[in-house]
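> Below: sequence and its predicted model.
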Amino acid sequence: MRKKIVAGNWKMNLTFEEGQQLTSEIVQMYKDEAIQEVIVVLNPPFPHLYPVKKLVGDTPGVAVGAQNCSDKESGAFTGEVSTKILASFGVSYVILGHSERREYFKEDNTLLAAKVNQVLAHGLTPIFCCGESLEIREAGTHEETVKAQLTASLFHLSPEEFSKVVIAYEPIWAIGTGKTATADQAQEMHAALRGHLASKYGQAVAAQTSILYGGSANPGNAKELFGKPDVDGGLIGGASLKSRDFIEIVKSF
Ligand code: 13P
């Protein structure tokens with residue numbers, strides 16, 4: 001059975017102390033409320049990663065992820081962070097291809113393919129984001145657009161490599177806008193993506209790939225989203241900054 005995952009993307013938010021407090025609360029609630037079947041991934045800004053990992057420790061079911069990484073192995077790349085560094089203190093996931101990175105930092109499919117390779121080379125799990133703009137959705141070409149993003153940055157992988165990848169579908173028009181995709185729209189896209197994976201890697205690999213939904217997910221709509229057969233979890237922005245909201249989303253399965 002494929003994994004259920006709820007990842008919190010803190011983006012560029014929270015001071016050191018706020019991050020420590022949020023992490024402690026989430027870990028405590030996760031344990032106290034006996035959550036077991038859902039993997040939680042906390043993705044804070046880089047400076048938080050080490051202290052957050054310290055607080056999380058070896059708590060089963062709770063993992064720590066980065067929001068980005070370098071496409072290079074190591075060396076003179078001022079300001080960059082390698083997956084080797086991340087792996088060395090227990091970071092186990094990296095979000096790649098987020099629309100904010102594609103748009104504001106001009107990350108393209110080729111660069112993302114190189115980052116995917118780095119993440120896999122060091123035994124981490126990429127959470128690979130894809131999604132369409134409102135313009136593309138209105139033009140009706142959203143499925144082919146999103147499939148093309150996967151093809152360009154992931155389909156060079158062997159089936160064995162690909163089986164370690166997590167996908168996150170994040171329609172750009174739903175991110176931070178309060179305008180969630182309906183559960184039916186999410187299901188339609190997730191099923192289309194799974195079909196695309198099956199055509200490349202076969203049914204077995206497609207069936208075990210976790211596909212998360214992201215975009216204005218909150219405690220009020222998570223249950224309906226997670227109730228869909230091809231929605232295997234969420235990548236949560238704003239609502240991941242409040243421990244109770246985040247845990248309620250996790251408990252919506
Ligand atoms: P919001 O949940 O704030 O819409 O953000 C979604 C997102 O971009 C997660 O990566």
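Yes, it's here.

> How many residues are close by the residue in the stretch 151-253 of the chain that the ligand sits nearest to?
Going by C-beta to the nearest ligand atom, the ligand is nearest to Gly237 of the stretch 151-253 of the chain, at 2.2 Å. Every residue, glycine included, has its C-beta placed from N, CA and C. By the criterion of other C-beta atoms under 10 Å, Gly237 has 21 neighbours.

> so what's the backbone phi/psi at the closest residue to it other than its chain neighbours?
Closest residue in space to Gly237, ignoring its immediate chain neighbours: Asn9 at 5.3 Å, by C-beta to C-beta, 6 or more residues apart in numbering. Here the main-chain torsion angles of Asn9 (degrees, to the nearest 10) amount to phi -100, psi 100.

> Tell me what Asn9 is bridged to.
Beta bridges link Asn9 to Asn43, judged by DSSP bridges.

> Can you give me the pLDDT of it?
pLDDT for Asn9: 98.

> Check the one 5 residues further on too.
Among the per-residue scores, Leu14 holds a pLDDT of 98.

> Check the one 10 residues further on too.
Ser24 is assigned a predicted lDDT (pLDDT) of 98.

> I'd assumed Ile175 was in contact with the residue of the stretch 151-253 of the chain closest to the ligand.
Yes - with contacts counted by C-beta atoms under 8 Å, Gly237 reaches Ile175, the gap being 6.7 Å.

> where in this protein is pLDDT low?
Along the chain, the model assigns pLDDT under 70 to no residue.

> Looks like Tyr169 contacts Met189 (just checking).
Yes - with contacts counted by C-beta under 8 Å, Tyr169 reaches Met189, the gap being 5.4 Å.

> shared neighbours of those two, anything?
Taking C-beta atoms under 8 Å, 6 or more residues apart in numbering as the criterion, Tyr169 and Met189 both touch Val146.

> Strands of the chain, residue ranges please.
Assigned by DSSP state E, the chain shows strands spanning 4-9, 38-43, 62-66, 93-96, 125-130, 166-169, 211-214, 233-236.

> out of those, deepest packed?
Of all the strands of the chain, strand 233-236 carries the top mean neighbour count, a mean of 29, counting by mean count of other C-beta atoms under 10 Å.

> Each with direction, which strands does it pair with?
In the sheet, strand 233-236 lines up with strand 4-9 (parallel), strand 211-214 (parallel) (DSSP bridges).

> contact partners of it?
Against strand 233-236 from outside (C-beta under 8 Å, 6+ apart): 3-9, 38-39, 95, 127, 129, 168, 170, 210, 212-214, 217, 222, 225-226, 246, 249, 253.
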